[in-house]
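> Build me a structure from this.
(chains A and B)
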Amino acid sequence: MEPAIDVRDLRKTFRTPFRRRKVEALRGVTFTVERGQIFGFVGPNGAGKTTTIRTLMGLIRPSGGTATILGHEIPSRAAREKLGFLPESPYFYDYLTVGELLDLAGRLFGVPHAVRAKRADELIERVGLGRARTQSLKKFSKGMLQRAGLAQALMNDPELVVLDEPMSGLDPIGRKEIRDLIVELRDQGKTVFFSSHILTDVEAIADHVAIIARGSLQATGKPAELLGKTVLGIDVTLRVSADQDLGELTAGASRIRRAAEETSLTLPADTDVDAWLSRAREAGAKLISVTPRHETLEEMFLREIANADRSSEATEGRI
Amino acid sequence: MIGSLLRIWAIALNTFREAARIRVLYGIVVLVIGANVLALVLGEMSIREQTRVAQDIGLAGISLFGSLTAIFLGVFLLYSEVQRRTIHSIVSKPIERWEFVVGKYAGMALVLSVLVALFGVAMLAMLLLQGGGITPAILRALVLAWIEVLTVAAIAIFFSSFSSPFLSGIFALAMWVIGRVTPDIEAAARSAEGWIHWTAKVTLEIVPDIHLFSPSGRVVDGTAVSVHASFVTWSYVGIASLHGLGWICGLLAVACILFHRRDFS
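Down below sits the predicted model:
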């Protein structure tokens, strides 16, 4: 079976309005999204996430490269029949109610009249907009608009759901609800491709991650593979009286924080933990926790972005 | 084919819904009805020409306000979709861009048709109040005014496919005004020489002959032409409508091509 999304050497060059200067938004992006995955597409602002998504959705034409969606080369109406799309900061016709918006989406997807109303009702309840059913979208908060956007993206019961910054502007409860919905969609066998710069959300739910910076893909893989098993340090939390001098126990440690009787610090990865804990006990400290610290997605992201910046500066220097 | 028509209808219906919420349109309806009342008053001031004055002012009101409304609605039609990014959630669905453009035009044409119908009913009511009858000539004049408004709408949507509302408004207004004075331009093309001759000739080729839709006020073969008189027959209306339809199709086709090539970033 063909992958849900297959992108090969995708390029997009814009020209600035007056000077007609070339701006390379995508510089040969290549990645594959397998079916049934939650694929997190991360990158800083201006990295090329939205340009990639808009190119895949047929909103902008690529300057080079190829891409297929569900086996159909873009832009393809056949592919768009099987996918649902939530744009970044979605703008909808604000004079419509959520029911009318879903009716319009259903008509464009060719959903039969009898199914349309029933599915719209189900989706309105599913995204938690039942109480706002009669309000026009003009009166919706950003979070409510995001939910309405998700509902319209699901009107055709799509095989692939593409979400551009779905958690943006939501409060923690809203973010969790969207995360749960994405996982639910994956569990139903759908593929979800979403972009985000909220890395904790990506780390929490993505089966596969791609990092993009300056229009180029920096890394792609499963989070566990990307982050590796290497221990970067050992986080220790102790209970010691506030006025006690920890002396040589803190030698080589980083991120030392003392609050009331609780002290937490990070020891170097090669520390002999047993010996260090014995010395701590001798000094009168009581152990609360010891945790090996692995690289987080955020740390890896920052590292990759820094690498991209360095490589870009080096290229520009050579030119 | 049926799928295309259903998608075009969905966009048209939505466009109609959107326009129905524009309060300015209700103001225009009031203005036109006011113009008809004014026609009634002016008609009373004339000697034995009450019906004629009411007809002239009524039809001029439909042509003027209908065309201005078409320009006002048309220049925002595609531009605002791109600016407000509402287009993103539409063209990412299985709809072709040409279907979207045609659907937007169809929705606007529906709104304008309702307006022209309202204006027409108001005018006919005034004529009946004055004791005049509803003649086939008046109905022919109304059909011509309706085709004029639909042609002007196509001009506006054509400019809206690649230009800002301000520029589109200026271009569409200029095209409408020039289109209404084609007999004068034809005269210039015949009598002038040099660059005036060629400019007039080129203008006649690139501007729809909107004067066809309100031919009153001209003299043909020594007879004063009026939409109220027998000069304008149903076959004339048919030919003028075909001219309008040709321009509508042509302008929409170019608008679809231009819109198809655009990036929505």
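> so what's residue 179 up against?
Going with chain A. A:R179 is in contact with A:M167, A:D201, A:A204, A:I205, counting by Cβ atoms under 8 Å, 6 or more residues apart in numbering or on different chains. (C-beta placed from N, C-alpha, C; glycine too.)
> not quite, I wanted chain B
By Cβ under 8 Å, 6+ apart, B:G179 lies in contact with B:V207, B:P208, B:D209, B:I210, B:H211.
> what's the answer for A:L163, then?
A:F85, A:L86, A:L150, A:A153, A:I182, A:V192, A:F193, A:F194, A:S195.
> on that earlier part again, out of the contacts of A:R179, which are inside helices?
Counting by DSSP state H, the contacts of A:R179 place A:D201, A:A204, A:I205 in helices.
> where does residue 147 land on pLDDT?
Answering for chain A, as no chain was given. If you check A:R147, the pLDDT there is 90.
> meant chain B, my bad for not saying
94.
> Chain A against chain B: which residues are in contact?
A:14, A:51, A:54, A:57-61, A:77-78, A:80-81, A:83, A:85-87, A:89-93, A:95-96, A:100, A:104-105, A:107-110, A:149, A:152 (Cβ under 8 Å from any Cβ of the partner chain).
> In ChimeraX, how would I select the buried members of the residues you listed?
What follows is the ChimeraX syntax selecting those of the residues of chain A next to chain B that are buried according to 16 or more other Cβ atoms under 10 Å in any protein chain shown:
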select /A:14,51,54,57,58,59,60,80,81,83,85,86,87,90,91,92,93,96,100,104,105,107,108,109,110,149,152
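> Mind jotting down where the helices sit in chain A?
A:49-56, A:77-81, A:98-109, A:113-126, A:142-153, A:172-187, A:199-205, A:223-227, A:273-282, A:297-318.
> again but with the stretch 1-150 of chain B, I slipped
In the stretch 1-150 of chain B, the segments counted as helices under DSSP state H, counting those that start in this stretch are B:2-20, B:23-45, B:50-77, B:79-83, B:86-91, B:97-129, B:136-160.
> where among those helices is the average confidence lowest?
Among those, helix B:23-45 carries the lowest mean pLDDT (a mean of 78).
> closest point of the stretch 101-250 of chain A to chain B, which residue?
A:R107 (3.7 Å; Cβ to the nearest Cβ).
> ok, back up a step: quick check, nearest of the contacts of B:G179 to chain A?
B:V207 (29.7 Å).
> residues contacting the closest one?
Listed by Cβ under 8 Å, 6+ apart, the contact partners of B:V207 are B:M175, B:I178, B:G179, B:T182.
> Make CSV out of these and add secondary structure and pLDDT.
Shown next, in CSV, are those (DSSP: H, G, I helix; E, B strand; the rest coil; pLDDT from 0 to 100):
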residue, secondary structure, pLDDT
B:M175, helix, 92
B:I178, helix, 91
B:G179, helix, 90
B:T182, helix, 86
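> Look at B:V254 and say how many residues are nearby.
The tally of other residues near B:V254 (other Cβ atoms under 10 Å in any protein chain shown) stands at 14.
> how close does the closest residue to it other than its chain neighbours sit to chain A?
Closest residue in space to B:V254, ignoring its immediate chain neighbours: B:F158 at 6.1 Å, by Cβ to Cβ, 6 or more residues apart in numbering or on different chains. Distance of B:F158 to chain A, computed by Cβ to the nearest Cβ, to the nearest Å: 22 Å.
> Show the end-to-end separation of stretch A:78-97, please.
28 Å (Cα to Cα, to the nearest Å).
> Between the two ends of stretch A:87-102, what distance do you get?
15 Å.
> With stretch A:33-53 instead?
End-to-end for stretch A:33-53, by Cα to Cα: 13 Å.
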